[in-house]
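Q: my questions concern the predicted model and sequence given below.
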Amino acid sequence: MIQHLPIVIQYIFYCTLTVETVKIIGLSVPVVGNTPYDKESLSVPENAGYVIDSISWYSHSEGGWTVNQFEQGHKYQININLKLEDGYQFASNKNYVLDELDDNSYEKVQWGAVGDAQLSIIFKEL
């Protein structure tokens with residue numbers, strides 16, 4: 001006698017959520033005499049789908065990535081590298097919200113392709 005065994009087919013569906021707007025909380029304008037803030041000074045909204053992976057500062061005046069203190073007459077750029085959490089992706093035309101940062105305090109904001117995404121802000125000369 002032939003015995004028929006049941007066949008079980010299991011489907012696993014993965015849903016990817018899209019992050020359309022990136023919000024960075026805690027940004028402030030560089031101040032002459034202050035030291036650059038680090039990633040622990042910044043945050044993102046709870047359950048945003050991304051985290052701040054790292055930040056770096058660039059001096060346009062000196063042409064270097066080592067910034068120990070903000071100086072008068074210099075222009076600085078902050079690069080904020082973002083990392084997606086599992087199940088999330090960035091929209092191709094993502095937006096940004098720079099919480100607590102006046103639009104008149106920076107010259108340019110641009111997206112880069114470092115890591116999952118990089119947000120770069122070039123501040124006006126101090």
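A: Cool, got the structure. Numbers count the residues shown, from 1 in each chain.
Q: ok, the most centrally placed residue in the chain - contacts?
A: Here the mean C-alpha position of the chain is nearest to the C-alpha of residue 82 (Cα atoms, centre = their mean), at a distance of 3.8 Å. For residue 82, the contact set (Cβ atoms under 8 Å, 6 or more residues apart in numbering) comprises 22, 50-53, 90, 115-119. Where you see a C-beta, it was placed from the backbone N, CA and C, and this is true even at glycine.
Q: are any of these buried, and which?
A: Buried members of the contacts of residue 82, scored by 16 or more other Cβ atoms under 10 Å, are 22, 50, 52-53, 90, 116-119.
Q: could you dump the residues you listed into CSV and include pLDDT?
A: Converted to CSV, the buried ones among the contacts of residue 82 look like this (pLDDT from 0 to 100):
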residue, pLDDT
22, 95
50, 96
52, 97
53, 96
90, 93
116, 87
117, 92
118, 94
119, 95
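Q: so who does the nearest residue to residue 37 once chain neighbours are set aside touch?
A: Excluding its sequence neighbours, the residue lying closest to residue 37 (Cβ to Cβ, 6 or more residues apart in numbering) is residue 28, at 7.2 Å. Shown in contact with residue 28 (Cβ under 8 Å, 6+ apart): 37, 100-101.
Q: any stretches of this structure with poor pLDDT?
A: Counting by pLDDT under 70, the chain has low-confidence residues at 1-2, 4, 10-14.
Q: what's the closest of the contacts of residue 82 to residue 71?
A: residue 119 (23.8 Å; Cβ to Cβ).
Q: what's near enough to touch the closest one?
A: Counting by Cβ under 8 Å, 6+ apart, residue 119 has contacts 22, 24, 79-80, 82, 96, 109-112.
Q: check residue 124 too.
A: Residue 124 touches 75, 104-107, counting by Cβ under 8 Å, 6+ apart.
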